[in-house]
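Trainee: Quick check, what structure comes out for this input:
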Amino acid sequence: MKKIILFSFAFFLLITCKKDAFDEQTETPAAVYNLAVSSSEGGSVSTTGGSYETGSVVTITATPEQEYVFLGWMGIESTENPLTIAINSDQNISASFIKKKYSLLVNITGQGEVQEDVISMGKSTDYNSGSIIKLTASPSIGWGFVGWSGDYVGEENSIEINL
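Mentor: Below is the predicted model:
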């Protein structure tokens with residue numbers, strides 16, 4: 001009698017299924033914020049702003065016109081120029097400019113005084129750029145006016161200076 005030996009092999013296959021296994025992976029979109037940039041009279045800015053994703057870095061340059069100087073930024077406390085900011089909220093920023101100021105120093109040789117008359121905007125000793133100042137020399141008794149020296153040279157008593 002013959003013995004028959006049977007061999008049996010079993011293969012096990014483990015299959016794991018996931019509900020979303022074949023769905024496309026999508027990331028949550030980044031938040032978008034608005035940046036508005038403007039300037040006061042006397043200058044301009046390099047950008048007027050736009051819409052930016054969170055974390056975007058924006059550099060803004062303020063450029064003064066002739067006879068103006070950059071004062072600082074409104075809406076954000078800074079005087080940096082150019083200004084670099086990270087966007088993390090809606091922002092409204094404005095560059096602020098002011099007219100240049102000039103000092104006027106009048107030295108008197110001898111005795112007498114010089115009357116300063118403002119012909120057009122400005123204030124005593126510090127005048128806005130573009131101010132016109134009329135100077136009139138008034139010598140004391142016994143003294144005579146000889147002339148002006150310095151940035152203006154002349155013998156005419158009343159002169160107008162455009163700063």
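Trainee: and residue 115, how many residues sit next to it?
Mentor: By other CB atoms under 10 Å, the residues close to residue 115 number 11. Every C-beta, even on glycine, is put in place using the N, C-alpha and C of the backbone.
Trainee: Name the nearest residue to it, ignoring sequence neighbours.
Mentor: In this structure, residue 115 finds its nearest non-sequential neighbour in residue 136, 4.8 Å apart by CB to CB, 6 or more residues apart in numbering.
Trainee: Now do the same contact list for that neighbour.
Mentor: Residues in contact with residue 136, defined by CB atoms under 8 Å, 6 or more residues apart in numbering, are 114, 115, 117, 157, 158.
Trainee: ok, which stretches of this structure are helices?
Mentor: For the chain, applying DSSP state H gives no helices.
Trainee: Which parts of it are strands?
Mentor: Assigned by DSSP state E, the chain shows strands spanning 32-39, 43-45, 49-53, 57-60, 62-64, 68-74, 83-86, 91-99, 101-103, 112-118, 126-128, 132-139, 158-162.
Trainee: if we can go back for a sec, so which of the contacts of residue 136 is the closest to residue 28?
Mentor: Closest approach to residue 28 among those (CB to CB): residue 117, at 68.7 Å.
Trainee: What separation do you get for that closest one and residue 71?
Mentor: Separation of residue 117 from residue 71 (CB to CB, to the nearest Å): 29 Å.
Trainee: Compare the two and say which is more crowded by neighbours.
Mentor: More crowded of residue 117 and residue 71, by other CB under 10 Å: residue 71, with 17 against 11.
Trainee: Lovely, talk soon.
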